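Asks: with the sequence up front, the predicted model follows.
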Amino acid sequence: MRKLIICLTLLSCINGLFAQSNIAILERKISIKVIKQTMSRTLGIIEETANFHFSYNSNVVKGNKVVSIMAENRSVREILDQLFNHELVYQQIGAHLILQKKPIAKTTQIDASTGQPSKYNYLITGYIRNAQSGDGIVGSSIYEKQTLSGTVSSDYGYYRLAVVSKSPSIYVKYTKKDYRDTLVNVKFQNNGLIEMHMSLQSIFPSELQTETDSPFVASPIITDTLNTDSNTQSVIAWSDTNSVIKKIKIEDTRVGKWFVGTVQKLNEKNIRDSFQRDWQISLLPGIGTNGVLSGLVQNRLSINLIGGYNGSLDGAEFGGFLNVLKSTMHGAQFSGFGNVVGGDVNGAQFAGFFNHNLSSMNGIQCAGFYNMNHGYVNGIQMAGFMNLNTMGMEGIQGAGFMNVSRSIKGIQAAGFMNLSGLTTGVQVAGFMNASGGKSELFQAAGFMNVANEIKGMQVAGFLNVARKVQGMQLGIINIADTVNGFMFGIFNFVRNGLHQIEFSVNESKQYGLAYRSGMEKLHSIALINTQSLDTDSGTIISYGYGLGSNIKLNKHFYINAALSSRHMTIDFRSDHLNLHNRLDLGLEYRIFKGLSIFASGSLNHLINDKNDGNYLKHFKNFGADAIWSHEARFAQKIYTGFQFGIRLL
């Protein structure tokens with residue numbers, strides 16, 4: 001019998017617990033006795049007794065406060081009202097009871113002339129749930145379009161929206177990515193304190209649309225309009241969702257990660273509407289006349305005292321430190337530090353440090369340090385340090401240090417270096433120019449030019465390099481695979497051109513060594529000549545440079561012409577001007593590939609300084625008999641001569 005009584009008692013308790021769980025938390029009746037316990041401990045006792053869990057913020061409930069309460073068969077609502085003196089509101093979400101501070105209505109301003117309110121202060125609070133599951137929806141966007149007042153739902157879907165409007169009736173929109181939009185007509189009542197709980201209908205996978213190209217696409221809304229006769233309202237509304245907001249690329253930048261807050265990112269993912277305003281003023285992103293919806297607003301005049309983040313611009317924007325636009329810019333931007341635009345730019349940008357655009361630019365950019373564009377550029381870029389375009393450009397780039405563009409049609413001018421792919425136009429740099437693709441351009445650099453295929457001209461203080469040249473190279477060293485044009489330099493190397501090592505003897509019994517490189521029609525000659533060594537009085541050694549040309553007669557015979565100038569020294573020592581200029585015209589016979597013999601006649605011109613201590617002993621009687629001479633400080637004479645030898649190809 002005792003066992004039967006115990007079983008019946010346990011069964012009764014279990015049934016009681018199940019019965020309690022089916023009753024709303026606030027209506028569950030319990031009996032408790034708490035004497036001088038902390039608020040946290042007291043709430044824990046209520047949780048255990050009524051079988052649920054509290055959720056609250058530490059700034060809402062003072063957990064260390066000591067309280068006492070005695071209740072016999074009273075509801076949870078009554079016990080909480082007694083504990084908190086009616087200062088909190090409660091909301092059940094599943095097995096949780098959420099504690100929130102009771103909203104306090106703002107004083108409504110009355111127009112003395114009409115006796116009607118001049119402004120209506122709304123404070124709308126409530127919870128947003130999934131219509132299918134009943135769970136709270138975190139991260140939903142709630143906003144009023146006319147005033148751009150907005151907020152985002154927090155834990156368990158709770159939201160708090162404050163709106164100041166001139167109208168006694170406003171429209172509040174509830175939106176969340178992958179849910180249908182809900183538009184509700186809210187009428188002013190209860191001194192502006194309105195509690196409204198919403199249920200959003202999720203979009204089934206078959207209804208989800210692919211991403212569109214436009215970042216601002218508004219969807220038509222089909223809604224139920226409510227008359228707010230009661231303090232608490234609940235509605236489910238449907239909308240025709242035809243598009244989803246395009247991904248916001250501005251978030252990928254470092255500036256975007258710093259400037260765009262979590263609430264703004266959620267709003268831009270959730271909201272499919274776009275907004276236009278004639279003007280806005282911001283102190284910092286999210287702190288301004290457009291509030292947390294600033295990233296969705298197009299402005300005509302935008303003023304950012306320190307920095308601002310806005311949707312787009314069709315006019316002018318001024319920033320003390322930084323201007324950031326999520327989408328397009330049409331007009332002009334002025335910033336003390338930088339401008340960042342996520343969409344196309346049409347107009348002008350001026351910044352103390354940088355301009356950075358994630359799409360195309362059509363206009364002018366001026367920055368103290370750098371300009372960067374991720375799309376095609378048509379216009380002018382000026383920077384104190386660098387211009388960088390990841391796509392092509394048509395226009396002008398000017399930088400104190402460096403210009404970089406995937407391709408360019410126009411002009412690049414930099415203090416140090418220009419880099420480009422396919423180039424049509426001009427590159428001028430203090431150190432180096434580099435161009436890829438098939439380019440039609442003029443390159444001028446203090447040190448070096450590099451190109452793939454060039455139709456035009458390369459001028460460098462030291463080195464020119466190209467794969468294919470159709471035009472001219474001018475530098476100390478010129479290097480190319482193939483050339484259709486001319487190369488002027490001390491050393492010219494054409495991989496598919498002329499390469500000859502020459503050994504010769506001339507009329508003055510000088511033995512010569514020369515290297516000919518370049519093209520048949522025009523090539524450079526580096527040469528050195530010496531007589532038989534004379535250890536007693538010294539040996540005349542001459543070295544110099546010349547230009548040559550070969551005219552092909554047939555498979556084996558070529559006409560050779562060369563003009564050269566040599567500096568004459570005694571054992572490579574000379575402090576005076578002594579020149580040997582020579583014009584050679586001859587015939588070359590190429591026996592087979594790699595070997596040829598040649599002979600030529602020459603016209604020689606000597607210029608020698610009579611103040612040189614070696615003049616009388618070495619230079620006065622150098623060469624053959626003169627056909628013309630002139631005696632002065634610098635003695636001159638002209639005579640004829642010859643030269644013959646072999647060439648190795």
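Replies: Happy to help now that I have it. Numbering: from 1, shown residues only.

Asks: ok, now how distant is residue 192 from residue 401?
Replies: To residue 401, residue 192 is 59 Å away according to Cβ to Cβ, to the nearest Å. No exception for glycine: its C-beta is placed from N, CA and C like everyone else's.

Asks: wait, residue 490
Replies: According to Cβ to Cβ, residue 490 and residue 401 sit 30 Å apart.

Asks: who has more neighbours out of the two?
Replies: residue 401 (18 against 12; other Cβ atoms under 10 Å).

Asks: give me phi/psi at that one?
Replies: Here is the backbone geometry of residue 401 (degrees, to the nearest 10): phi -120, psi -50.

Asks: who does residue 163 form a beta bridge with?
Replies: For residue 163, the beta-bridge partners are residue 122 (DSSP bridges).

Asks: state the mean pLDDT of stretch 606-616.
Replies: Averaged over stretch 606-616, pLDDT sits at 93.

Asks: ok, and what's touching it?
Replies: Residues outside stretch 606-616 that contact it (Cβ atoms under 8 Å, 6 or more residues apart in numbering) are 538, 568, 570, 574-581, 619-620, 622-623, 633-639.

Asks: in strands, which of these appear?
Replies: 568, 570, 578-581, 634-639 (DSSP state E).

Asks: could you export those residues to CSV, including columns for distance to residue 127?
Replies: Formatted as CSV, the ones in strands among the contacts of stretch 606-616 follow (distance: Cβ to Cβ, whole Å):
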residue, distance to residue 127
568, 102
570, 104
578, 102
579, 99
580, 102
581, 100
634, 105
635, 110
636, 107
637, 110
638, 108
639, 111
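
Asks: make a ChimeraX selection of the buried ones in those.
Replies: Restricted to buried positions by 16 or more other Cβ atoms under 10 Å, the ChimeraX selection for the ones in strands among the contacts of stretch 606-616 reads:
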select :568,570,578,579,580,581,634,635,637,639
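
Asks: the strands in the stretch 1-150 of the chain, which residues?
Replies: Per DSSP state E, counting those that start in this stretch, the stretch 1-150 of the chain carries strands over the ranges 29-38, 53-55, 66-75, 88-93, 96-101, 109-110, 117-130, 141-144, 149-152.

Asks: pick out the shakiest of the ones you listed, pLDDT-wise.
Replies: Mean pLDDT per stretch puts strand 109-110 lowest among those, at a mean of 68.

Asks: please enumerate the helices of the stretch 201-350 of the chain.
Replies: Assigned by DSSP state H, counting those that start in this stretch, the stretch 201-350 of the chain shows helices spanning 254-259, 262-270.

Asks: what mean pLDDT would you report for the longest one?
Replies: For helix 262-270, mean pLDDT rounds to 83.

Asks: which parts of that helix are buried?
Replies: 263-270.

Asks: how about stretch 79-86?
Replies: By neighbour count with 16+ other Cβ under 10 Å, stretch 79-86 contains the buried residues 79-80, 83-84.

Asks: can you check stretch 387-405 too?
Replies: Within stretch 387-405, the residues scored as buried using 16+ other Cβ under 10 Å are 387-389, 391-399, 401-405.

Asks: likewise for stretch 441-448?
Replies: Quick answer for stretch 441-448 (16+ other Cβ under 10 Å): 441-445, 447-448.

Asks: could you do stretch 57-66 as well?
Replies: For stretch 57-66, burial by neighbour count (16+ other Cβ under 10 Å) applies to residue 61.

Asks: low-confidence regions, the stretch 201-350 of the chain specifically.
Replies: Residues of the stretch 201-350 of the chain meeting the criterion pLDDT under 70: 204-249.

Asks: farthest pair in the ones in strands among the contacts of stretch 606-616?
Replies: Spanning the widest gap among these are 570 and 638, at 22.8 Å by Cβ to Cβ.

Asks: out of the buried residues of stretch 79-86, which sit inside helices?
Replies: Counting by DSSP state H, these place 79-80, 83-84 in helices.

Asks: list the contacts of residue 527.
Replies: Counting by Cβ under 8 Å, 6+ apart, residue 527 makes contact with 502, 512-515, 543-546, 564, 566.

Asks: show the buried residues in those residues.
Replies: Using 16+ other Cβ under 10 Å as the burial test, these include 502, 512, 514, 544, 546, 564, 566 as buried.

Asks: does residue 360 touch residue 379 like I think?
Replies: No - contact status for residue 360 versus residue 379: not in contact, 10.1 Å apart, counting by Cβ atoms under 8 Å.

Asks: who are the packing partners of the helix or strand containing residue 439?
Replies: Assigning secondary structure by DSSP states H and E places residue 439 in strand 432-445. If contacts are counted by 3 or more Cβ pairs under 8 Å, 6 or more residues apart in numbering; DSSP states H and E, strand 432-445 sits against strand 417-429, strand 448-460.

Asks: what angle separates the first one from strand 448-460?
Replies: For strand 417-429 and strand 448-460, the angle between their directions (axes from the mean of the first three to the mean of the last three Cα atoms, to 10 degrees) works out to 0 degrees.

Asks: and the contacts of strand 417-429?
Replies: Against strand 417-429 from outside (Cβ under 8 Å, 6+ apart): 392, 397, 401-416, 431-446, 449.

Asks: rerun that using 6 Å as the cut-off
Replies: 402-414, 431-437, 439-445 (Cβ atoms under 6 Å, 6 or more residues apart in numbering).

Asks: and for stretch 69-77?
Replies: Looking at stretch 69-77 with Cβ under 6 Å, 6+ apart, the contacting residues turn out to be 25-29, 31-34, 50, 79.

Asks: can you mark which positions in it are buried?
Replies: 69, 71, 74-77.

Asks: convert that stretch to PDB, retaining C-alpha atoms only.
Replies: C-alpha atoms of stretch 69-77 as PDB (Å, rounded to 0.1, in the frame of the first residue of the first chain):
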ATOM      1  CA  ILE A  69       9.200  38.100  -0.800                       C
ATOM      2  CA  MET A  70       6.400  35.700   0.300                       C
ATOM      3  CA  ALA A  71       3.800  34.400  -2.200                       C
ATOM      4  CA  GLU A  72       1.200  31.700  -2.000                       C
ATOM      5  CA  ASN A  73      -0.200  30.300  -5.200                       C
ATOM      6  CA  ARG A  74       0.400  33.500  -7.100                       C
ATOM      7  CA  SER A  75       1.300  34.000 -10.800                       C
ATOM      8  CA  VAL A  76       4.900  34.600 -12.000                       C
ATOM      9  CA  ARG A  77       3.700  38.000 -13.400                       C
END
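
Asks: ok so, going back, any chance of CSV for the buried residues of helix 262-270, columns distance to residue 530?
Replies: Converted to CSV, the buried residues of helix 262-270 look like this (distance: Cβ to Cβ, whole Å):
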residue, distance to residue 530
263, 86
264, 81
265, 80
266, 85
267, 86
268, 81
269, 83
270, 88
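
Asks: of these, closest to residue 346?
Replies: Closest approach to residue 346 among these (Cβ to Cβ): residue 268, at 22.3 Å.

Asks: for the closest one, which non-adjacent residue is spatially closest?
Replies: Excluding its sequence neighbours, the residue lying closest to residue 268 (Cβ to Cβ, 6 or more residues apart in numbering) is residue 295, at 5.1 Å.
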